[in-house]
Every structure is written in structure tokens, then in C-alpha cells.
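1. Give me a 3D structure for the following:
(one chain, ligands or ions: 1)
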Amino acid sequence: METNSTVKHYAIIGAGLGGLSAALDLRKVGHAVTVFEGADYVGGLAAGFKQPGWDWSVERFYHHWFLSDSSIFGLLAELGLSDQVKILQPKTVAYYQGRFYPLDSPLAALKFPGYSFPFRMARFGFVTVYLRYRAGWQALEKVTAHEWVRKYYGERVYSSLFEPLLVGKFGPHYKDVNMAWMWARLKARTTRLATFTGGFQAFSDLFAERLRGQGVQIRLSTPINQVEPLPGGRLRLHLPSGPEEFDGCLSTTSPGLMARLAPSLPETYLKGLLDLRHMGAVVLTLALREQLSTQGYYWYNLPKSEGYPFLALVEHTNFLSPQYFGGDHIVYCGDYLDPDHEYFSLSKEDLVTRFLPALARINPRFTPDWVRDSWLWRTPYAQPIPLVNHSRNIPAIQTPIPGLYFASMSQVYPWDRGTNFAVKIGREAARLILSGV
Ligand SMILES: Cc1cc2nc3c(=O)[nH]c(=O)nc-3n(C[C@H](O)[C@H](O)[C@H](O)COP(=O)(O)OP(=O)(O)OC[C@H]3O[C@@H](n4cnc5c(N)ncnc54)[C@H](O)[C@@H]3O)c2cc1C
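-> Numbering: from 1, shown residues only. Take a look at the predicted model:
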């Protein structure tokens, strides 16, 4: 490391992909960087877990990359890890009148019976192509997806395809989400998906190892309790072991945690953080003795209106071979919910009892003794809710406290949150820190 007086010591709160990406760029130009992580692992929301007999880790919350995820693929190339990316084309299905239909290609989407008449098919194709090639999103954020899609795709396409998606993802807030979010989602999604050899945790571990090799300190199990601005512009971070001082700090926590960490932020910035809305996620992961979807479907969007107790049924081992997981068939039962929903307080056993009957609707042969093991993962901050004119409400990465920066999923708008955008905003934050903006 260089030792001249321009070398600064930066703290990063959070060893998710945003924090690790910022650390890479700050260290690259010679600054000292310490990453503080409350958990005892790196990877944040994209972290995985492993069981005896599994060669690969399983993400706590289902994860894959889209082929349009240029920031993540750029990072992988820079780290020399591109050859460890696996690209596959799993099958996604949507429900319509008692059956599931593939939605994994433009042709399959056009054949979806929710809009099978030639006129509706043509309208669906035309509007989808228009959205995919439309360049700007600004005008679309002034209107809700609920209004826009009904108007341009029509009621039937809305109710059969878009409404279940919006209800599933945003629950009672589904009518409030703006159309720019839907535009970004349609634009960025690809039917071919990618993952990392060994799982996302293997990638985060390799990334952290590389950073450590370059001199970045990553201190696990070290939650930061507060960030305090000091006269003269330095920042004091309060750790369980006592205070430490830094020249600057990037926080990658949720907006609510950021407000608690830095109560001396001006009231307008604090209010901006606290006014942001988001959904939490509850995911029950099951290791089954047998394959659930014998058609090989990876992703089911389930309609809650038909009595399904959760939104997404994801058979991970219809994406990746069960041989990576000791022959276990890995199934996620996931849902996005308001953070005060009862699923956040029910026990794993209660949720297993509520969720398992839905599996027999997917495969009538399913019986509870197929479940070899199960794990429950919950997070109160999983999916920001972009309301109308959301761009006006996004907190700036540079906070009003000199030297204190903030980068989270709520600021990657209009893009739907994801590891790709965590990398992008982490690197953008590093650029702002380096330019002193
Ligand atoms: C259900 C679900 C499914 C998803 N699916 C996908 C997908 O398929 N593909 C994809 O690319 N992305 C997906 N994502 C999104 C992706 O996980 C996130 O966008 C990304 O991981 C965010 O990275 P981050 O670094 O911004 O934040 P995080 O990963 O949240 O990292 C923040 C870190 O800060 C730490 N922290 C918090 N407070 C403190 C403190 N006081 N002191 C120290 N450390 C602290 C946390 O422990 C955490 O490790 C999904 C997310 C969820 C919830």
C-alpha cells in the first residue's frame, strides 16, 4: 500500500456485493479500506448455505443472473472469473384457469391462453416490443403499472399475467407501483439465466478472498452501532469493541437501518430514508427426496387468489442438477410481504404446515415424507416499492454529512433490485467518494 498523505482510510458498512464492489475500487487506487459486516459471512442477501454432502451452496433467497446483467459480468471478467459462469435456460410457468403454462420464450408467451385470440396476441406482441425498445422511462413513472398495463395490454392480459405478478410481489401495494419499474423489468429480463459454479456464496467468498489479498480488511461479526460526524470532517464509527475513526464511510444497509445508524443526518434526509417503502421476504427452503415438477419447471408464479399460500415456487434443481446437492431436490417456497405480516413471526413448523399442501397441487404424488430437511430465511428488507414519481424521492448517495455515503437497493431505480445493480451502485458510490462529491 502507498503511504503518502493522500492515502485515506475508508470504512464500508456491509459485505454484500455493493460493499465489496466499492471496496475493490477504493483499494485499487491505494486507499486503506475496512469492511464491517454484522453477519459471520460475506454476500449479504445473496449469501448461501451448505449442508454435508452438498458440493454447491444454496442461496438463502433464490438467485440467478440475467444475461443483461452487464455490471456483474463486467466485474466477473475483471476478477478473471468469467469462465465460472454457467448459463442455462430453465422453464418458467404462469397459472391460467387451473393449469400452468410455459412463459420461457417469446413464442411461449404469445401462446399463453390468457390472450389467445389473434387480436390479443398481436396487441401483446406489439406492446411488449414497444416497451422493450422504448428508451426513456421518465414519463412512465408518472402513472401506475396497474393503469398503464390495463390501458395498453387490455384487461384480460392484465388480469391473467400482470396482476398476479404485481399482487404477488407487492401485496396490498400492487396498484401503487409505477410503470417505469415494469418497463425496467421487461427490458432487463432474459429467458436464459446464469449462476456461478459452486453457487453465489462461492462467488462472494472468492471476491472477498481477492480483496483480502489486495489488503482490504473484512471484519465479520462486527455490527456498526452508530456513525458520528466529528469536527474537521472525519467520522467515528461505534463498534461493539469501541469507537474507531475514518476519513469516510459508505453504508450499504437498508434505509431504515441507515436512519438509525446516523441520527445526526438532517431531518429532510432522514425523512426521505424513512418514507421509502419496501416489502420483506419469507422463504422456506426444502430438500426433497424426489423431483417435484416432473415437467422440469424451474419457476412457478402462483396466484394467491387461487388459495396458494405463497407467491413463488422455485425448484432450484430444475435449474441446476441435483448432483451438486448430494441428490437432494431443492425447492424454495417464497413470498414478498409487508414486514409486519404474520409469516415473520410464525415458526418454521407452522409455515411448513401451511405451505406443504400447495406442493401436492404441483405434483399429486407429493407426500410430506418427501421432505428430508427444511430451512426458513426471512428478511424485512427485500424489495423496494417504487411509487409514482419515485425518482423525486431517492436519497442521494452522498448524504448531507461530509464523508458519509449511502448506497442501497432503494436507489437503483428504475431497475428492479439485484446483485447486478448492487455492484453498479457500489462502484458508483466509490467513484463519488474518490471525486470528493
Ligand atoms: C428473495 C430475494 C430474491 C432475490 N433474487 C435475486 C436474483 O435472482 N438475482 C439477483 O441478482 N439478485 C436477487 N436479489 C437481490 C440481491 O440479493 C440484492 O439486490 C443484493 O444482494 C443487494 O446487495 P447489497 O450489497 O446492496 O445489500 P445486502 O446484500 O443487503 O448487503 C448489506 C450488508 O450489510 C450488512 N449490515 C447491515 N447492517 C449492518 C451494520 N449495522 N453493521 C455491519 N453490517 C451491517 C448486512 O448483514 C449485509 O450483509 C434477491 C433478493 C431477495 C431478498
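2. C-alpha only now, for contacts and for neighbours.
-> Noted.
3. Roughly how far does Pro243 sit from the ligand?
-> With distances taken as CA to the nearest ligand atom, to the nearest Å, Pro243 is found 13 Å from the ligand.
4. Lowest mean pLDDT among the helices and strands of this protein, which one is it?
-> Taking mean pLDDT, DSSP states H and E as the measure, the helix or strand of the chain with the lowest value is helix 106-111, at a mean of 74.
5. Sort out which residues of the helix or strand just after that helix are buried, please.
-> With elements assigned by DSSP states H and E, the helix or strand that comes after helix 106-111 is helix 118-133. For helix 118-133, the neighbour count (16 or more other CA atoms under 10 Å) marks Arg120, Met121, Arg123, Phe124, Gly125, Thr128, Leu131 as buried.
6. what do you get for stretch 383-393?
-> Buried residues in stretch 383-393, defined by neighbour count with 16+ other CA under 10 Å: Gln383, Pro384, Ile385, Pro386, Leu387, Val388, Asn389, His390, Asn393.
7. would CSV of those with secondary structure, pLDDT and distance to Asn420 be doable?
-> What follows is the buried residues of stretch 383-393, written out as CSV (DSSP: H, G, I helix; E, B strand; the rest coil; pLDDT from 0 to 100; distance: CA to CA, whole Å):
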residue, secondary structure, pLDDT, distance to Asn420
Gln383, strand, 94, 15
Pro384, strand, 95, 16
Ile385, coil, 95, 18
Pro386, coil, 94, 18
Leu387, coil, 95, 22
Val388, coil, 96, 24
Asn389, coil, 95, 23
His390, helix, 94, 21
Asn393, helix, 92, 22
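8. What is the most widely separated pair among those?
-> Taking CA to CA as the measure, the buried residues of stretch 383-393 span a maximum distance of 17.4 Å, between Gln383 and Asn389.
9. Could you tell me which residues make contact with Leu230?
-> Arg236 (CA atoms under 8 Å, 6 or more residues apart in numbering).
10. From Met258, how far out is it?
-> 18 Å (CA to CA, to the nearest Å).
11. One more: Glu78?
-> With CA to CA as the criterion, Glu78 and Met258 are 30 Å apart.
12. So these two - more neighbours on which side?
-> Neighbour totals were compared for Glu78 and Met258, and Met258 leads with 22 against 10 (other CA atoms under 10 Å).
13. re earlier: quick check, nearest of the buried residues of stretch 383-393 to the ligand?
-> Set against the ligand, the nearest of those by CA to the nearest ligand atom is Gln383 (6.6 Å).
14. so the closest one touches Gly280, yeah?
-> Yes. Between Gln383 and Gly280 there is a contact under CA atoms under 8 Å: 6.5 Å.
15. Now the common contact residues for those two.
-> Tyr336.
16. Distance to the ligand for the buried residues of stretch 383-393 - can I get that in JSON lines?
-> Output for these, formatted as JSON lines (distance: CA to the nearest ligand atom, whole Å):
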{"residue": "Gln383", "distance to the ligand": "7"}
{"residue": "Pro384", "distance to the ligand": "10"}
{"residue": "Ile385", "distance to the ligand": "13"}
{"residue": "Pro386", "distance to the ligand": "15"}
{"residue": "Leu387", "distance to the ligand": "18"}
{"residue": "Val388", "distance to the ligand": "21"}
{"residue": "Asn389", "distance to the ligand": "21"}
{"residue": "His390", "distance to the ligand": "18"}
{"residue": "Asn393", "distance to the ligand": "18"}
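17. For the least confident helix or strand of the chain, which outside residues touch it?
-> Pro102, Leu103, Ser116, Met121, Phe124, Gly125.
18. The ligand contacts on the protein?
-> 13-19, 36-39, 43-46, 61-65, 222-225, 252-253, 281, 382, 408-409, 417-420, 422 (CA under 6 Å from any ligand atom).
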